[in-house]
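**Q** below: sequence and its predicted model.
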Number of protein chains: 2
Amino acid sequence: MTTQRIAAILRAGEPDETVTVQGWVRTKRELKEFAFVEVNDGSAMANLQVVINSDLPDFENVLKQLNTGASLEVSGVLVASPAKGQRIELKASQVQVYGDADPQTYPLQKKRHSFEFLRTIAHLRPRTNTHGAVFRVRNACSAAVHQFFQERGFLWVHTPIIAASDCEGAGEMFAVTNFDLKNVPRTDSQEVDYAKDFFGKRAYLTVSGQLEAEVMAMAFGNVYTFGPTFRAENSNTSRHLAEFWMIEPEMAFCDLQGDMDLAEAFLKYIFKYVLEHCPEDMEFFNERIDKTVLATAENIINNQFERITYTEAIALLEKADKKFDFPVSWGLDLQSEHERYLAEDLFKKPTIVSDYPVGIKAFYMRLNEDEKTVRAMDVLAPNIGEIIGGSQREERLDVLERRMEAQGMNKEELWWYLDLRRYGTVPHAGFGLGFERLVQFMTGMGNIRDVIPFPRAPLSIDF
Amino acid sequence: MTTQRIAAILRAGEPDETVTVQGWVRTKRELKEFAFVEVNDGSAMANLQVVINSDLPDFENVLKQLNTGASLEVSGVLVASPAKGQRIELKASQVQVYGDADPQTYPLQKKRHSFEFLRTIAHLRPRTNTHGAVFRVRNACSAAVHQFFQERGFLWVHTPIIAASDCEGAGEMFAVTNFDLKNVPRTDSQEVDYAKDFFGKRAYLTVSGQLEAEVMAMAFGNVYTFGPTFRAENSNTSRHLAEFWMIEPEMAFCDLQGDMDLAEAFLKYIFKYVLEHCPEDMEFFNERIDKTVLATAENIINNQFERITYTEAIALLEKADKKFDFPVSWGLDLQSEHERYLAEDLFKKPTIVSDYPVGIKAFYMRLNEDEKTVRAMDVLAPNIGEIIGGSQREERLDVLERRMEAQGMNKEELWWYLDLRRYGTVPHAGFGLGFERLVQFMTGMGNIRDVIPFPRAPLSIDF
């Protein structure tokens, strides 16, 4: 008699089968001759209904402990359920209570709790329906990411978390130090004496693994990162985290066209995988959280993505019979309202915009022959907005140096990055995707803090 | 005519097949009428030999550029190879050079380089035979980890990297701050005013995700972490990194026996997966790096692990006809020489030692009835030493509080961890495994800095 997960029992359990399940009580309903206890073990959104007869030894005492949140092990026989909405239930022959949960103090009683409140008990919220579904979907997303890349021969590479420099200029970085902050060493000229710190120089938490991923692509062809990245931005919004996971594939011998092809195949694959692996959870989100969730997923899976250049996009926006809050003009970055107009109103499907003005994009993006645009691309999805940003990288040493000089960057610091262009340089491309944004968009959850187990944000570091 | 990876061509390419390959020159040999160029694309240890006839357009100019390290694309027809040790070679009909590599300055010329030297060019060393093999094996290990757990229904959970407290007392931690270190804010009493920092309190880089993984196990049953962890120890050894990846499974409704079963199944699975997926790389390590590598892997895969208690281990060590440098006495921790004696000399196979003295183990390990030992276990492997450490966790609130008090720990800080014992507590267990140690042991690489792309250690943060 081995223990079984409730998901498997609900899917394939047959009457007369003897099973043991272990989990936590969601609700209890007491009648005269017996009691119904709904048990959840985290393997599925649905509970298994356990029927406990009053002839069970120690019935009253056992029942008294089986409050919401209590943990138990139940052995018994499966029987066809007369109740609506469930195929099967478990007739208990043996019940062991492991731990109770005082109804007076256990915060997760059966009622609606706001997501704000649940954030204050992040150690218990995984036991709710919504967060159970969120973290199962999050896991399915993760598994899909690895499977997608491994099937295609990409190597997972672990780029460093502690970084020596803000190479990308991607935003404010957290400092990492071993100094006693009460007594920071100074040089003779009263500057901070970083030579005395653990690494012998300033150290930060990384904002991206891209540059190091390029190193690995120059040896293995196709690689990807999937790891934590950081921003010390003081943004208290529903779309920002100080610590989040990022996925960054990088491909040697690849141009922007190949990069777009990968991004499109990737998104289709992930959404399909999650629909297949978490159908009940996704239905739950569609019903309770955001009624467009399933339609958006189907849209991404079933449509060939539209591909237009930034210059074409500007022309379309200028022609639009819609009033925008932000001005539309060649050279300015696209705002969220512009991106949504393109993907939602105009094309009604995922849209890849490419070849942005050089002035609004990063130094490492490949300069086009016109010298005015770079080989960048953003993937915009209906109801989602920008979900992926990528580019073909500048592989020509002289052009890259020129771009760095124009931006006042320190070439010495990136000597190794420039070496990649000195020795066996090749056309290459990649993209980046914030993992929590992906999970947020997939589930329709309004606040990004509700799709990561323990969110990190300004003044928020509990647990 | 699609591009093919060299690994696939060497394995399954047939004469007369037309292919295109892309990669980097390893060596070039010029004869009168033709030249041999060995091309590697990172998909395999072996190179594809490309034969370039002198009737190729622009032959001399192309050849001049094809120095070690240069990147190229070659199209042509596969032919059976008359050369020893290779089944097939590529007769070039078209060659495009993407980037050259000046033989005067390119550091990776065909000769032996010391691992010390290669560490100074970590951006180029993935292009060497040894590091190519290391990072392919590392990727296979990673993929195996996910596959093992996903097959068994474990959820991958992302525990926080930035942590609020040194809960485990596992060693020195890096501080994470947004302060200007030249001007750290002070309180009236001249203490550092952490309330003014980004998170409003002291923040560190995590040393373990275990406590948060326990939270997730209390909702989903079986979970695992696979993420970076940190130690600010000033250890300049071949076994220590300041930043390394760790794997930590955690299982609800599981005791120490189940924990040992998982650890044994896990190790067998990973070693088997890598032998199957990277046979040539593993042969290379066995031949060039450490002649015991394959025997150790077979030993782990084919033997049922020995299981003894710490108390039994002490008795065996006291009886041993071997002189140890460190004393053997009940209550003292086992030293490396003791562990190796047990696994290598005595049992000659992986050995799990359990139930260590309470005084030498962490506060969260479950106290045995004897009150002298805890339900801890270490897996010791021949030629490897300790590779896994785990325990059944203390699920009883009163005992856990007593242990924390005895160690002078702050219970307020871990209120949420104690809540897990207040509400629906269950027996649970897990273990931890340093990923780089695993890769190091699997490959026989002597220095842990050579199995991670960009090692972080005291005074070492380049790239």
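**A** Looks like it came in fine.

**Q** against residue A:344, how distant is residue A:388?
**A** 17 Å (C-beta to C-beta, to the nearest Å). C-beta: built from backbone N, CA, C; applies to glycine.

**Q** comparing those two, which residue is more hemmed in?
**A** residue A:388 (25 against 17; other C-beta atoms under 10 Å in any protein chain shown).

**Q** quick one: contacts for the more buried one?
**A** Residue A:388 is in contact with A:263, A:266-267, A:378-379, A:431-433, counting by C-beta atoms under 8 Å, 6 or more residues apart in numbering or on different chains.

**Q** so is residue A:344 in a helix, a strand, or just coil?
**A** Recorded secondary structure, residue A:344: helix (DSSP: H, G, I helix; E, B strand; the rest coil).

**Q** hang on, isn't it packed against residue A:382?
**A** Yes: using C-beta atoms under 8 Å, residue A:344 is in contact with residue A:382, at 4.6 Å.

**Q** what mean pLDDT does stretch A:254-272 have?
**A** Summarised as a single mean, pLDDT over stretch A:254-272 is 98.

**Q** and it, C-alpha only, in CSV?
**A** Extracted in CSV, the C-alpha atoms of stretch A:254-272 (Å, rounded to 0.1, in the frame of the first residue of the first chain):
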residue,chain,number,x,y,z
CYS,A,254,22.7,33.5,-36.0
ASP,A,255,21.2,36.7,-37.2
LEU,A,256,18.1,38.7,-36.2
GLN,A,257,15.8,36.5,-38.3
GLY,A,258,17.0,33.4,-36.5
ASP,A,259,16.6,35.2,-33.2
MET,A,260,12.9,36.0,-34.0
ASP,A,261,12.3,32.5,-35.1
LEU,A,262,13.6,31.2,-31.8
ALA,A,263,11.6,33.7,-29.8
GLU,A,264,8.4,32.7,-31.6
ALA,A,265,9.0,29.0,-31.3
PHE,A,266,9.9,29.4,-27.6
LEU,A,267,6.7,31.3,-26.6
LYS,A,268,4.5,28.9,-28.5
TYR,A,269,6.3,25.9,-26.8
ILE,A,270,6.0,27.3,-23.3
PHE,A,271,2.3,28.2,-23.5
LYS,A,272,1.5,24.9,-25.1
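
**Q** what comes up buried for it?
**A** Buried residues in stretch A:254-272, defined by neighbour count with 16 or more other C-beta atoms under 10 Å in any protein chain shown: A:254, A:256, A:259-260, A:262-264, A:266-272.

**Q** same deal with stretch A:16-35?
**A** So for stretch A:16-35, counting by 16+ other C-beta under 10 Å, buried means A:19-28, A:34-35.

**Q** okay, who's weakest in those by pLDDT?
**A** residue A:34 (92).

**Q** got a list of what it touches?
**A** A:51-54.

**Q** if we take those, which one ends up nearest to chain B?
**A** Checking the contacts of residue A:34 against chain B with C-beta to the nearest C-beta, the nearest one is residue A:52 at 17.6 Å.

**Q** out of the contacts of residue A:388, which are inside helices?
**A** The helices, defined by DSSP state H, take in A:263, A:266-267 from the contacts of residue A:388.

**Q** and chain A, what are its domains?
**A** For chain A, the structural domains run A:3-99, A:127-161+A:207-450, A:172-206, going by the TED database.

**Q** make JSON lines from those and add distance to residue B:449 to it.
**A** Formatted as JSON lines, the domains of chain A follow (distance: least, C-beta to C-beta, whole Å):
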{"stretch": "domain A:3-99", "distance to residue B:449": "39"}
{"stretch": "domain A:127-161+A:207-450", "distance to residue B:449": "12"}
{"stretch": "domain A:172-206", "distance to residue B:449": "14"}
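
**Q** around chain B, which positions in the stretch 201-350 of chain A sit nearby?
**A** Contact residues, the stretch 201-350 of chain A versus chain B (C-beta under 8 Å from any C-beta of the partner chain): A:201, A:203, A:205, A:212, A:215-216, A:218-221, A:227-228, A:230, A:232, A:234, A:242-243, A:245, A:252-253.

**Q** closest to chain B among the contacts of residue A:388?
**A** Among the contacts of residue A:388, and counting by C-beta to the nearest C-beta, the member closest to chain B is residue A:433, at 15.1 Å.

**Q** neighbours of the spatially closest residue to residue A:209 that is not a sequence neighbour, just the number please.
**A** Setting aside the residues directly before and after it, residue A:209 is nearest to residue A:159 in space (C-beta to C-beta, 6 or more residues apart in numbering or on different chains), at 3.1 Å. When counting by other C-beta under 10 Å, one arrives at 26 neighbours for residue A:159.

**Q** in the stretch 251-400 of chain A, what residue is nearest chain B?
**A** Counting by C-beta to the nearest C-beta, the stretch 251-400 of chain A gets nearest chain B through residue A:253, at 4.2 Å.

**Q** what does the stretch 351-463 of chain A give?
**A** For the stretch 351-463 of chain A, C-beta to the nearest C-beta, closest residue to chain B: residue A:425, 3.4 Å.

**Q** and residue A:29, which of the three is it?
**A** Classified using three-state DSSP, residue A:29 is strand.

**Q** ok, it - contacts?
**A** A:35-37.

**Q** just residue A:373 next, same as before
**A** Residue A:373 neighbours (C-beta under 8 Å, 6+ apart): A:309-311, A:355-358.

**Q** can you read off the backbone torsions of it?
**A** Dihedral pair for residue A:373: phi -130, psi 160, per degrees, to the nearest 10.

**Q** who does it form a beta bridge with?
**A** residue A:357 (DSSP bridges).

**Q** for it, give its distance to residue A:394.
**A** 13 Å.

**Q** returning to what we had before: now, among the ones in helices among the contacts of residue A:388, which is nearest to residue B:44?
**A** residue A:266 (24.8 Å; C-beta to C-beta).

**Q** quick check: the closest one touching residue A:148?
**A** Yes: judged on C-beta under 8 Å, residue A:266 makes contact with residue A:148 at a distance of 6.0 Å.

**Q** can you tell me the closest non-neighbouring residue to residue A:67?
**A** residue A:103 (4.9 Å).

**Q** okay, and the one you found sits in which element?
**A** Under DSSP states H and E, no helix or strand contains residue A:103.

**Q** show me what contacts it?
**A** Contacts of residue A:103 (C-beta under 8 Å, 6+ apart): A:67-68, A:109.

**Q** give me the ChimeraX select line for those, limited to the buried ones.
**A** Buried members of the contacts of residue A:103, defined by 16+ other C-beta under 10 Å, are picked up in ChimeraX with:
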select /A:67,68
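
**Q** return the subset of the contacts of residue A:103 lying in helices.
**A** Among those, no member falls in helices (DSSP H).

**Q** could I get the full set of strands for the stretch 101-250 of chain A?
**A** A:155-156, A:162-163, A:175-177, A:204-205, A:222-230, A:243-252 (DSSP state E, counting those that start in this stretch).

**Q** just checking the first one against chain B, any contact.
**A** Translated: strand A:155-156. Yes: judged by C-beta under 8 Å from any C-beta, strand A:155-156 and chain B are in contact via A:155-156.

**Q** against which helices or strands is the strand or helix carrying residue A:89 packed?
**A** Element membership for residue A:89 (DSSP H and E) is strand A:88-99. Under the contact criterion of 3 or more C-beta pairs under 8 Å, 6 or more residues apart in numbering or on different chains; DSSP states H and E, strand A:88-99 touches helix A:6-12, strand A:48-53, helix A:59-65, strand A:71-80.

**Q** mean pLDDT added to the ones you listed, as a markdown table?
**A** Shown next, in a markdown table, are the helices and strands packed on strand A:88-99 (pLDDT from 0 to 100):
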| stretch | mean pLDDT |
| --- | --- |
| helix A:6-12 | 96 |
| strand A:48-53 | 97 |
| helix A:59-65 | 94 |
| strand A:71-80 | 97 |
